[in-house]
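Enquirer: the sequence and its predicted three-dimensional model are supplied below.
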Protein chains: 2
Amino acid sequence: MVVELISVGTELLLGNIVNTNAAYLSEKCAGLGLSCFYQSVVGDNEKRLIHTIETALTRSDIVILSGGLGPTEDDLTKDAAAGVFGKEMRVDEDAREHIQEYFEKKGMEIAANNWKQAMVPEESVVLINENGTAPGFIMEQKGKVMILLPGPPNEMIPMFEKNIIPYLSRKTNSIIYSQVVKLCGISESAAEEKLADMVKSENPTVATYAKTGEVHIRVTAKEEDEKGAKKLIKPVVKELKNRFGTAVYSTDTDTTLEQSIVELLSENHLTITTAESCTGGMVAARIVNVPGASEIFKEGFITYSNKAKRRYLGVKKRTLDKYGAVSEQTAKEMAKGGILFTKSDLCIAVTGIAGPDGGTVEKPVGLVYISCAFGGKTYVEKCCFTGNRMKIRENTAVEALVFLRMCVLQHYNKMNS
Amino acid sequence: MVVELISVGTELLLGNIVNTNAAYLSEKCAGLGLSCFYQSVVGDNEKRLIHTIETALTRSDIVILSGGLGPTEDDLTKDAAAGVFGKEMRVDEDAREHIQEYFEKKGMEIAANNWKQAMVPEESVVLINENGTAPGFIMEQKGKVMILLPGPPNEMIPMFEKNIIPYLSRKTNSIIYSQVVKLCGISESAAEEKLADMVKSENPTVATYAKTGEVHIRVTAKEEDEKGAKKLIKPVVKELKNRFGTAVYSTDTDTTLEQSIVELLSENHLTITTAESCTGGMVAARIVNVPGASEIFKEGFITYSNKAKRRYLGVKKRTLDKYGAVSEQTAKEMAKGGILFTKSDLCIAVTGIAGPDGGTVEKPVGLVYISCAFGGKTYVEKCCFTGNRMKIRENTAVEALVFLRMCVLQHYNKMNS
């Protein structure tokens, strides 16, 4: 079956936002065994939108539209799609109630134009939006399907995963199944070199994707059913685990790096505290991303000033004066102090120069020290990151997690030899 | 003049990469005063590529293609485009020399298929690629223009800026200039209602975009030059500031909410500390996003456990027992304690239930209390957010910034009546 994507929104035509929805939907559709030959972007203009939908329906079985379902006058997708299928609009009581509840819960008044979102095309399946007010729709007619999704990714993605994946899975006969092997502490090119022979395989395919501080290897098989696909994938995943050893932090699609770390600490009954300077709370926030983090994380410090580093972590004035706030010595004292002060089992400490100002020849922007105190030892790592302030800080936060994981594994003698 | 973008590449249709080229080109073309009504993505397939080019030429004056200019058999853009204009291919000596030089410089052997890149459509302008081997092209015929650019952004962007911007500037007589008015603490639909009359304006146009916890209003004018465009925009921005008052946090494209807050605190010589529970450092991390935040932010606390709330912020055991960790009373004591303990002028405190577990009927997932202690007063706000753990926490972090800004403005009697 052939799918075609239409992204609706003048903000895309003006280049105000990047079309990440198209990438997400394409990847998911490919994973479902659907072929995609065309994608298009069209603005909030009725005539052009209708023309684009009609063209797509002549050459594709399933047309997925995203965007233009909001409450404003600009939002035309629902009416345009209904018009192409010759459907009238009707009030949907569930959608109406959902809007009322949504605003009541938020304690906000309902603007008149929000009621527009309770109007739905007749004979369509209405999909409740759990993260916003605009419902989505599935419309079928004469073997053709139109799927209408909201534009904001945080509304579109949950709706697609909950409602559209099961719907499309029933439509396709062959399935594509994939498993992700997630690595940390290795660069994409180093991972690719180790994989040179494996990426040539056709079924299952093996492909790498880089993510900040991580490399994901996706193993994808095309088979009649999930059981057959899993059988093809299993030995490949085994081989990957063999080649990459402890760099593999998970073989589960949904497990994040922070989750694997919270699990590692939890299994070993360890508690952790954070002592952050340039990341300003990003490391702790990553840990708190994980539901149930409270078991291993009780408190953290953001010690942005030197005074705070001294007061909360006991960094010595002498150390700050002699070596500076961004130094191996300060990082180590921060980590040791974090443990002493909180009685946690571990402390991960970060100090660095995120820029754009504050760099010198000896200590350039991007210089970061990460230290981990654990089990009577204090490990430290020097990093030099590139990019802007945000990129340096994001890389630092990930590297802190990777480093802390490595220290714990090393302690338990679980590292590769 | 109307421009249309065609991105060529199966990797886009499979969702392996995000189409950042389209966003870049759209924004640049809008800035040059070109209207863009359609964008499309098509794979490395000759028939479909030719069909897409032909369709684009029927409705647009200028068609910009990116991707598919490489040396492999998959790369079809050049031949397809030449075919549509009925042009033959010829060897280009300059391009041939450039390829030779490029590989010699890199000390690499030239694979046979690289010579394919020296073949160019007759009567086309050949654009040397300074960052790769695939040249670009400008082809004109009967008032229509095709521009062919390489796909990798690090090759495409320099070629566009050096060769295409000057070429297109000569073709258009007008420019498009826009300014953004950024709002916080107001919903998109409420903003839309206040703007109902203004969004109908055609030059300048007024359009809204929602961002987590923020609304951006873009005012865009089309004029002969920047000076004329600015003249059209100025009274509209003034009117927006008038209508939205203190909800406007910036009229500068690059200024973020956290930046405007750091500036507000800095102007008033105020220091701030953070006391976070469910956000786990996200509020502090947003503040530290801003270069120079150290002037107003010295330290912050992540008090995830009740014990930490008591120890670092002096929250009373009685309060926690009687009202619970997620309560108005606890939030207020956290904020007051943050000031007492750090001697900062302000403290913003956050406590809530981010889920997925931990909710009850009285205190559901999404319930958050935000408190701000400042100038002898302790302000508090109850919020009910929806969505998953991450969304609830992101919304909480933005709302904490918005609330703290409001408290400071209120203190200085700068709020709308």
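Expert: Done, it's in.
Enquirer: tell me which other helices or strands the helix or strand containing residue A:194 touches.
Expert: Element membership for residue A:194 (DSSP states H and E) is helix A:188-195. Helix A:188-195 is packed against strand A:205-211, strand A:214-223, helix A:226-244, with contacts defined by 3 or more C-beta pairs under 8 Å, 6 or more residues apart in numbering or on different chains; DSSP states H and E. Yep, even glycine has a C-beta here, placed from its N, CA and C like the rest.
Enquirer: got the CA positions of the helix or strand harbouring residue A:79 in CSV?
Expert: Element membership for residue A:79, per DSSP H and E: helix A:77-84. Extracted as CSV, the C-alpha positions of helix A:77-84 are listed here (Å, rounded to 0.1, in the frame of the first residue of the first chain):
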residue,chain,number,x,y,z
THR,A,77,-7.7,21.0,6.9
LYS,A,78,-10.9,19.4,8.4
ASP,A,79,-13.3,21.3,6.1
ALA,A,80,-11.1,20.8,3.0
ALA,A,81,-10.8,17.0,3.6
ALA,A,82,-14.5,16.6,4.3
GLY,A,83,-15.3,18.5,1.2
VAL,A,84,-13.1,16.3,-1.0
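Enquirer: give me the distance from it to the chain's centre.
Expert: 32 Å (C-alpha atoms, centre = their mean, to the nearest Å).
Enquirer: could I get the average pLDDT for that helix?
Expert: Helix A:77-84 shows a mean pLDDT of 96 in the predicted model.
Enquirer: repeat that for stretch A:266-283.
Expert: Here the average pLDDT along stretch A:266-283 is 97.
Enquirer: and the helix holding residue A:79, what other elements does it pack with?
Expert: Helix A:77-84 packs on helix A:46-59, strand A:89-91, strand A:119-121, strand A:136-141, strand A:144-149, going by 3+ C-beta pairs under 8 Å, 6+ apart.
Enquirer: that helix versus strand A:144-149: what angle between them?
Expert: 170 degrees (axes from the mean of the first three to the mean of the last three C-alpha atoms, to 10 degrees).
Enquirer: okay, now the sheet partners of the lowest-mean-pLDDT helix or strand in chain A, with direction.
Expert: Here the helix or strand of chain A ranked lowest by mean pLDDT, DSSP states H and E is strand A:205-211, holding a mean of 80. Strands that pair with strand A:205-211, judged by DSSP bridges, come out as strand A:214-223 (antiparallel).
Enquirer: now the terminal residues of stretch A:78-93, how far apart.
Expert: End-to-end distance for stretch A:78-93: 17 Å, by C-alpha to C-alpha, to the nearest Å.
Enquirer: so which of the helices and strands packed on helix A:77-84 has the densest surroundings on average?
Expert: Neighbour counts (mean count of other C-beta atoms under 10 Å in any protein chain shown) averaged over each of the helices and strands packed on helix A:77-84 peak at strand A:144-149, with a mean of 24.
Enquirer: and for that one, what are the contacting residues?
Expert: A:53, A:57, A:61-67, A:69, A:77-78, A:81, A:84-85, A:136-140, A:156, A:159-160, A:164, A:167, A:171 (C-beta atoms under 8 Å, 6 or more residues apart in numbering or on different chains).
Enquirer: from chain B, how far off is residue A:111?
Expert: Distance of residue A:111 to chain B, computed by C-beta to the nearest C-beta, to the nearest Å: 4 Å.
Enquirer: isn't that residue right up against residue A:71?
Expert: Yes - with contact defined as C-beta atoms under 8 Å, residue A:111 counts as touching residue A:71 (7.2 Å).
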